[in-house]
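Asks: let's see this in three dimensions:
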Amino acid sequence: MKVFIIGSGGREHALAYWFYKFGHEVIGLSGNPGIEGIGKTYSFSLTDFKKIEEIAIKENIDVILPGPEEPIVKGIKDRIKNFFVYSPNEKEALLEGSKAFAKEFMSENSIPTARYEIFDEPEKAYKYIEKIKRACVVKASGLAQGKGSIVCKDEEEAKEAVKKIMEEKIFGDSGNVVVIEDFLKGIECSIITLVAGDEYLMLLPSQDHKPVYDNDKGPNTGGMGAYAPLPFLTNEIIEKIENEIIKKTIRGLIRKNFDYQGVIYAGLMITREGVFVLEYNVRFGDPETQPLVYLINTDPEVIIEKTKEFKLGSLKLKWNDGYALCVVVASGGYPEKYEKGKEIKGLEECENIENLYIFHAGTKKENNKFFTNGGRVLGVLGFGKNLKEAKDRAYDGVNKIYFEGMHYRKDIGDKGFKSLEELL
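Replies: Numbers count the residues shown, from 1 in each chain. Sure thing, here's the model as predicted:
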């Protein structure tokens, strides 16, 4: 199979790695040095759908797989009709493209989520904040690269968040509408589900680490690391997630006459009161995809073919026994202002270490040297028969890498060493 992967981050390198390890040919747009090492890349806009189709014809592509949200939400599936695009269409993608749409979808389908209100005027949002007088989360309704949610512990912080999003437009037009929801205390996890109409396959549960600093401090990022599976999640809780969230989500899509083909990512909060949906994404998570593709032992071609036929439910996914943990190495200053062009050293030392893999994200290669070229630079993945082994191997890799100003969290996976009772 020949796959055309749209995107240039760690997730896209991970998807390319998955196809490559099963012997498939990889074409990337715009790619990165990691993808270039296992395939061929082109460089132009991820939303130039006419050009994407031209390259797909030229390269005789079998499937187009968009990684990031922008081409999906802007309708890549609707615009490219002559190739199978593994993603939902523009209407279906509102599940991610509009947090307001997603919250209303959850309400309509009795899917547990935090209590919320939607506002298109800042004054009304301020009045609501004054009324509730409690911790809340203020979210830009549109796309904000995973950074559009601001957790606010009091009225002052909530008003400041509304001001930044709706008046100062820190997320542009994505902040024309905001969702204000109750703050939920608990433990987060990610459930990525492959969907084909009314049939689905849940991937292993994983856990992202959004805040930039250890102990979940600091502003939210696109994700500072992830691991899978989650030792603290019992079969009983996974069954509850499937019945109360995944099945209801699929039924809700069918009710809207959607023929959904692609990924649904449910960001969940597990609390003492139950499991709640924080958000939906309509794509593979980043960095959750990195540990998941390292662990999965099913050929992606089979998944694509079964999705096209709407016969996904007949498939049983195979997984390698063990744990995978990915640490994101970021540029100093990320997710705020950061510098690019810092030389990355130590990558060659990591190449032949067993159970260690480096996923490229914000990197570029010049004269056989690697340089930083983004906020999240690398994903250093370790594999082990238990979580401790996986974590130790990942941080062994991180310790071999150096560039000026590099930053990473030192506590990725630590929640996995505790019981759910301790975490809650």
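Asks: so which residue is smack in the middle of the chain?
Replies: residue 285 (1.8 Å; CA atoms, centre = their mean).
Asks: surely residue 74 meets residue 90?
Replies: Yes: Residue 74 lies in contact with residue 90 (CB atoms under 8 Å); the separation is 7.1 Å. Bear in mind the C-beta positions are built from the backbone N, C-alpha and C, glycine included.
Asks: per the record, what domains does the protein have?
Replies: Per the record, the chain has its domains at 2-89, 115-182, 187-314, 323-423, by automatic domain parsing.
Asks: to residue 104, which of these lies closest?
Replies: domain 115-182 (7.8 Å; CB to CB).
Asks: strands of the stretch 251-400 of the chain, start to end?
Replies: Along the stretch 251-400 of the chain, counting by DSSP state E, counting those that start in this stretch, strands occupy 261-271, 274-281, 323-330, 343-344, 356-360, 363-366, 369-372, 376-384.
Asks: on that earlier part again, next, format the domains of the chain as JSON lines and append distance to residue 105.
Replies: Formatted as JSON lines, the domains of the chain follow (distance: least, CB to CB, whole Å):
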{"stretch": "domain 2-89", "distance to residue 105": "13"}
{"stretch": "domain 115-182", "distance to residue 105": "12"}
{"stretch": "domain 187-314", "distance to residue 105": "6"}
{"stretch": "domain 323-423", "distance to residue 105": "28"}
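Asks: just put the ones you listed in a markdown table and tack on mean pLDDT.
Replies: As requested, the domains of the chain are exported to a markdown table (pLDDT from 0 to 100):
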| stretch | mean pLDDT |
| --- | --- |
| domain 2-89 | 97 |
| domain 115-182 | 95 |
| domain 187-314 | 97 |
| domain 323-423 | 97 |
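Asks: of all those domains, which lies closest to residue 99?
Replies: domain 115-182 (4.5 Å).
Asks: ends of that closest one, how far apart?
Replies: Distance between the two ends of domain 115-182: 6 Å, counting by CA to CA, to the nearest Å.
Asks: now stretch 187-206
Replies: End-to-end distance of stretch 187-206 (CA to CA): 12 Å.
Asks: please apply the same query to stretch 147-163.
Replies: 16 Å.
Asks: how about stretch 82-100?
Replies: Distance between the boundary residues of stretch 82-100 (CA to CA) amounts to 32 Å.
Asks: one more: stretch 399-417?
Replies: Start-to-end span of stretch 399-417 (CA to CA) is 22 Å.
Asks: equivalent analysis for stretch 112-132, please.
Replies: 20 Å.
Asks: list the buried residues for it?
Replies: 112, 113, 114, 116, 117, 118, 119, 122, 125, 126, 129 (16 or more other CB atoms under 10 Å).
Asks: surely the fifth one meets residue 128?
Replies: Yes: under the criterion of CB under 8 Å, residue 117 is in contact with residue 128, at a separation of 5.6 Å.
Asks: nearest to residue 98, of the domains of the chain?
Replies: domain 115-182 (5.4 Å).
Asks: leaving out the residues flanking it, which one is nearest to residue 95?
Replies: Nearest residue to residue 95, sequence neighbours excluded (CB to CB, 6 or more residues apart in numbering): residue 280, at 4.4 Å.
Asks: and that neighbour, what does it touch?
Replies: For residue 280, the contact set (CB atoms under 8 Å, 6 or more residues apart in numbering) comprises 95, 96, 102, 249, 264, 265, 266, 267.
Asks: what are the buried residues along stretch 34-47?
Replies: For stretch 34-47, by 16+ other CB under 10 Å, it's 34, 35, 36, 39, 41, 46, 47.
Asks: report how many residues lie close to the residue nearest to residue 205 when sequence neighbours are not counted.
Replies: Closest residue to residue 205 apart from its sequence neighbours, by CB to CB, 6+ apart: residue 230 at 4.7 Å. For residue 230, the neighbour count with other CB atoms under 10 Å is 23.
Asks: next up, the contacts around residue 295.
Replies: Neighbour list for residue 295: 204, 228, 229, 319, 320, 322, 323, 324, 383 [criterion: CB under 8 Å, 6+ apart].
Asks: next one: it from residue 420, what distance?
Replies: Counting by CB to CB, to the nearest Å, the gap from residue 295 to residue 420 is 21 Å.
Asks: same thing with residue 342?
Replies: Taking CB to CB as the criterion, residue 342 is separated from residue 420 by 40 Å.
Asks: the residue nearest to residue 95 pairs with what?
Replies: On the basis of DSSP bridges, residue 280 takes part in beta bridges with residue 266.
Asks: how far away is it from residue 341?
Replies: For residue 280, the distance to residue 341 - CB to CB - is 36 Å.
Asks: cool, residue 63 as well?
Replies: Taken as CB to CB, the span from residue 63 to residue 341 is 35 Å.
Asks: and those two? which has more neighbours close in?
Replies: The residue with more neighbours, out of residue 63 and residue 341, is residue 63; 22 against 12, by other CB under 10 Å.
Asks: which phi and psi values does the more buried one adopt?
Replies: Reported as degrees, to the nearest 10, the phi and psi values for residue 63 are phi -150, psi 140.
Asks: ok, it - contacts?
Replies: 1, 2, 3, 4, 83, 84, 85, 86, 304.
Asks: distance to residue 356 and neighbour count added to those residues, as a markdown table?
Replies: Formatted as a markdown table, the contacts of residue 63 follow (distance: CB to CB, whole Å; neighbours: other CB atoms under 10 Å):
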| residue | distance to residue 356 | neighbour count |
| --- | --- | --- |
| 1 | 27 | 17 |
| 2 | 29 | 15 |
| 3 | 25 | 24 |
| 4 | 28 | 24 |
| 83 | 35 | 16 |
| 84 | 34 | 17 |
| 85 | 33 | 27 |
| 86 | 29 | 24 |
| 304 | 28 | 22 |
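Asks: any idea which of these is the one closest to residue 51?
Replies: Comparing every one of the contacts of residue 63 with residue 51 (CB to CB), the shortest separation belongs to residue 4, at 11.6 Å.
Asks: my guess is that closest one is in a strand, correct?
Replies: Yes: counting by DSSP: H, G, I helix; E, B strand; the rest coil, residue 4 is located in a strand.
Asks: hang on, the earlier thing: for the residue nearest to the centre of the chain, give its distance to residue 122.
Replies: On the measure of CB to CB, residue 285 and residue 122 end up 31 Å apart.
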